[in-house]
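Q: structural data only, the sequence is not supplied:
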């Protein structure tokens, strides 16, 4: 009887070990942390901030010019006929609308450039995660934001961040023309 019981216990343990060997090995990755702390993302933000400041300087000049023109138009109101003043006012409003369109275009250019550059970072992160998972035998990688609980030894975020910083330190941010 003891032999039978021992044999049953051994078989159960063997079954559990076989089942454990087939269990998925899970990696946890804090994508948000990796993207926000990467040198590539910091470089992207630096490039975009520089371009944003250039755009802002251009817009400030246009706004200053419009303000001067508005003041001049106000002074001319008394000396112009109603039709002539209305014509100049309309021309001025068209210039204002043109500057507003220019501002929207520049904003869209910055947003598109950011999206494209960040896409390059995210694509590289996925490639790195895949490589690490294959090297370490992980069968699944889950974003940390989707996990309610995990053991710290499952988190490969630091390794992914180091690999990303090594592989992709900078990303060329391209400001492309946007159609109105």
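A: Received the coordinates, thanks. Note that the structure is a prediction, hence the values are computed from the model and not measured. Residues are numbered from 1 along each chain as shown.

Q: I'd guess residue 169 is in a helix, am I close?
A: No. Applying DSSP: H, G, I helix; E, B strand; the rest coil, one finds residue 169 to be coil, outside a helix.

Q: what about it, how many residues nearby?
A: For residue 169, the count of nearby residues is 12 (other C-beta atoms under 10 Å). In this view, the C-beta of every residue, glycine as well, is placed from N, C-alpha and C.

Q: check residue 30 too.
A: Neighbours around residue 30, by other C-beta under 10 Å: 19.

Q: so it makes contact with residue 143?
A: Yes. If you go by C-beta atoms under 8 Å, residue 30 and residue 143 touch, sitting 7.5 Å apart.

Q: packing partners of the helix or strand containing residue 109?
A: For residue 109, the host element (DSSP states H and E) is helix 82-136. For helix 82-136, the packing partners by 3 or more C-beta pairs under 8 Å, 6 or more residues apart in numbering; DSSP states H and E come out as strand 26-29, helix 31-37, helix 39-76, strand 140-143, helix 157-167.

Q: again, 6 Å this time
A: helix 39-76, helix 157-167 (3 or more C-beta pairs under 6 Å, 6 or more residues apart in numbering; DSSP states H and E).

Q: quick one: average pLDDT of the longest one?
A: Average pLDDT, helix 39-76: 93.

Q: angle of it against helix 157-167?
A: For helix 39-76 against helix 157-167, the angle by axes from the mean of the first three to the mean of the last three C-alpha atoms, to 10 degrees is 70 degrees.

Q: what residues of helix 39-76 count as buried?
A: The neighbour-count check on helix 39-76 (16 or more other C-beta atoms under 10 Å) flags 40, 41, 43, 44, 45, 47, 48, 51, 55, 62 as buried.

Q: residue 89: which of the residues you listed is nearest?
A: For those, the residue nearest residue 89 by C-beta to C-beta is residue 62; the value is 18.3 Å.

Q: what separation do you get for the closest one and residue 92?
A: 13 Å (C-beta to C-beta, to the nearest Å).

Q: and if you look at residue 177?
A: From residue 177 over to residue 92 (counting by C-beta to C-beta), the distance is 26 Å.

Q: out of those two, which sits in the more crowded spot?
A: Each of residue 177 and residue 92 has its neighbours counted (other C-beta under 10 Å); residue 92 has more, 15 against 9.

Q: in contact with that one, which residues?
A: residue 73 (C-beta atoms under 6 Å, 6 or more residues apart in numbering).

Q: look at the residue nearest to the spatial centre of the chain and report its pLDDT.
A: In the chain, the centroid-proximal residue (C-alpha atoms, centre = their mean) is residue 118; its distance is 4.3 Å. pLDDT recorded at residue 118 is 95.

Q: which stretches of this protein aren't confidently modelled?
A: 1-22, 180 (pLDDT under 70).
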